[in-house]
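In: Pasted the sequence and its predicted model underneath.
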Amino acid sequence: MAGTADQLPTARRPGGRTARVRAQTLAATVELVARDGITGFRYEEVAERAGVHKTSVYRNWPDREELVVEALLQYADDVGSVADTGDLRRDLVDFLMVIAAGLSRPTVRALALATQAADESPTVRRAAIRILEERTAGTRRRVDLAIDRGELPPVDCSLLGEMISGPVHLIVNRAVRPFTRADAERIVDVVLAGIRAAPHT
């Protein structure tokens, strides 16, 4: 599936039994990529995990890269982006909760592996990076709106994203305790207070 330089290809969405077979296959693919990497899984394993016949997998996705790209696109929404409710604090807190939930899903692990797959599969890597770039672009739009509305002073969107998301990864990956909304609120409050208190030119 090829997209333009500025647009991701879209996942195909047939109906009925075919849709169920495709959904099961794509979900199984994401899980196996998250576990074994892009070239580590076998079509037979995909079929077994999906509960479909392996010929269905081969027939619909004769190319492994196409299968992985479509699977990632199908679950791209798991990555999340910042919404705009008009309340910046709430939007950022909600965003951190989405990130925390996403870290427990195979999609995020599969995306992380795909972005590192320059040697294994440049095509899959490009698709994964584009998915992440779209999330970053959404966050940038929300931050720009906050600056325009006077909710924030001028700030580097990438730095803001790293400051609020870094602690989420740390807490979730340590797996010592669940990440809570209270955690998200504390992180956002500290980061926003620091940004607002810092000198700006």
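Out: Sure thing, it's come through. Note that the structure is a prediction, hence the values are computed from the model and not measured.

In: can you map out the helices along the protein?
Out: 16-36, 43-50, 54-60, 64-74, 88-103, 106-115, 122-148, 157-174, 181-197 (DSSP state H).

In: Serialize these to JSON lines and add fields for distance to Val82 and mean neighbour count.
Out: C-beta: built from backbone N, CA, C; applies to glycine. Below are the helices of the chain laid out as JSON lines (distance: least, Cβ to Cβ, whole Å; neighbours: other Cβ atoms under 10 Å):
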{"stretch": "helix 16-36", "distance to Val82": "24", "mean neighbour count": "18"}
{"stretch": "helix 43-50", "distance to Val82": "33", "mean neighbour count": "18"}
{"stretch": "helix 54-60", "distance to Val82": "35", "mean neighbour count": "15"}
{"stretch": "helix 64-74", "distance to Val82": "21", "mean neighbour count": "23"}
{"stretch": "helix 88-103", "distance to Val82": "5", "mean neighbour count": "19"}
{"stretch": "helix 106-115", "distance to Val82": "17", "mean neighbour count": "21"}
{"stretch": "helix 122-148", "distance to Val82": "4", "mean neighbour count": "18"}
{"stretch": "helix 157-174", "distance to Val82": "9", "mean neighbour count": "15"}
{"stretch": "helix 181-197", "distance to Val82": "11", "mean neighbour count": "15"}
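
In: ok, of those helices, where does mean pLDDT dip lowest?
Out: Mean pLDDT is lowest for helix 106-115 among these, at a mean of 77.

In: So what touches that helix?
Out: Residues from elsewhere that reach helix 106-115, judged by Cβ atoms under 8 Å, 6 or more residues apart in numbering: 30-31, 33-35, 37-38, 68, 71-72, 75-76, 78-79, 102, 121, 124-125, 127-129, 131-132.

In: Let's see that with 6 Å instead.
Out: With contacts defined as Cβ atoms under 6 Å, 6 or more residues apart in numbering, helix 106-115 is touched by 30-31, 33-34, 37, 75, 78, 102, 124-125, 128-129.

In: Next, the angle helix 16-36 makes with it.
Out: Helix 106-115 and helix 16-36 are oriented at 60 degrees to each other (axes from the mean of the first three to the mean of the last three Cα atoms, to 10 degrees).

In: about what we covered before: among the contacts of helix 106-115, which two are most distant?
Out: Across the contacts of helix 106-115, the longest distance by Cβ to Cβ is 21.2 Å; it joins Glu31 and Ile129.

In: isn't Ile38 right up against Ser121?
Out: Yes. Judged on Cβ atoms under 6 Å, Ile38 makes contact with Ser121 at a distance of 5.1 Å.

In: which one of the two has more residues nearby?
Out: Ranked by neighbour count (other Cβ atoms under 10 Å), Ile38 and Ser121 place Ile38 first, with 23 against 19.
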